[in-house]
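> could you work out the structure for the sequence below:
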Amino acid sequence: MVIGRLGLVGTRDGERRNNSTRASLAKLSTISLATALAGVFSVAGAAADAPERRQVEVLELKVQNDQYAYADLDPKGPSLGDSYVYSGTALKDGRSVGHGGGSCQVIHINGEEITTQCLITMELNRGSLTMQSLWVSGTSQLDMAITGGTGDFSSARGIVHYWDIATPKERVRAEILH
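So this is what the prediction gives:
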């Protein structure tokens, strides 16, 4: 009789272990499936969020400045709000390929160092490019962010490098992402 009870107890323990093992396997399967699905959705989401490869167009131009004005607000001399306004022609191989202009407004003065916020629009045959950056007045180089445009440049982003600013040798290199 004792053997029978032990056998029954043993069988019940075995059933409990089997049920416990089945429950553990079911949980493991559920977790594995959920993890696999999460991985699939992550990969699909990453592919959907991955930036598409954009083409880079490079324009190298010379700039011929033709008009310039400085608006000196009170107090006299460099002060916040003063601005430079300018325009010019974009040249490629000596011929005009566009025109543009912009302005820089003084936003910070630290002794002799004058920082301006600059906006430029360059109008070309295929549309316009708009640019923006900070510039320390008097420096001969400037990198500007392309913030948009029109026509063929309506979705443009990129960077524009200026060298020899406000000199007869001024030139520009636009690296435009389409």
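
> could you report the neighbour count for the nearest residue to Gln55 once chain neighbours are set aside?
Using C-beta to C-beta, 6 or more residues apart in numbering and skipping the chain neighbours, the partner closest in space to Gln55 is His178 (4.9 Å). Every C-beta, even on glycine, is put in place using the N, C-alpha and C of the backbone. Counted with other C-beta atoms under 10 Å, the neighbours of His178 add up to 13.

> also His108?
Look at His108: counted by other C-beta under 10 Å, it has 12 neighbours.

> can you check the one 10 residues further on too?
Cys118: 21 surrounding residues under other C-beta under 10 Å.

> which strand residues bridge it?
Cys104, Ser133 (DSSP bridges).

> what's near enough to touch it?
When contacts are counted by C-beta atoms under 8 Å, 6 or more residues apart in numbering, Cys118 touches Gly102, Ser103, Cys104, Gln105, Met131, Gln132, Ser133, Leu134, Trp135, Leu142, Met144.

> most neighbours of all the residues you listed, which one?
Neighbour counts for those (other C-beta under 10 Å) peak at Met131, which has 25 neighbours.

> and it, how close does it get to Gly94?
Distance, Met131 to Gly94, by C-beta to C-beta, to the nearest Å: 24 Å.

> packing partners of the helix or strand containing Val106?
Assigned by DSSP states H and E, Val106 belongs to strand 95-110. Applying 3 or more C-beta pairs under 8 Å, 6 or more residues apart in numbering; DSSP states H and E, one finds that strand 95-110 makes contact with strand 56-71, strand 83-92, strand 113-124, strand 127-136.

> show me where the protein dips below the pLDDT cut-off.
Scanning the chain for pLDDT under 70 picks out the ranges 1-52.

> same thing but at 80, please
Applying pLDDT under 80 to the chain picks out residues 1-54.

> quick one, what contacts Met131?
Contacts of Met131 (C-beta under 8 Å, 6+ apart): Gly102, Cys118, Leu119, Ile120, Thr121, Met122, Met144, Ala145, Ile146, Thr147, Val160.

> pretty sure the first one contacts Tyr86?
Yes: in this structure, Gly102 is within contact of Tyr86 by C-beta atoms under 8 Å, at 6.5 Å.

> what is the neighbour count of Asp93?
Using other C-beta under 10 Å, Asp93 has 7 other residues around it.

> from Leu61, how far off is it?
Using C-beta to C-beta, Asp93 is found at 10 Å from Leu61.
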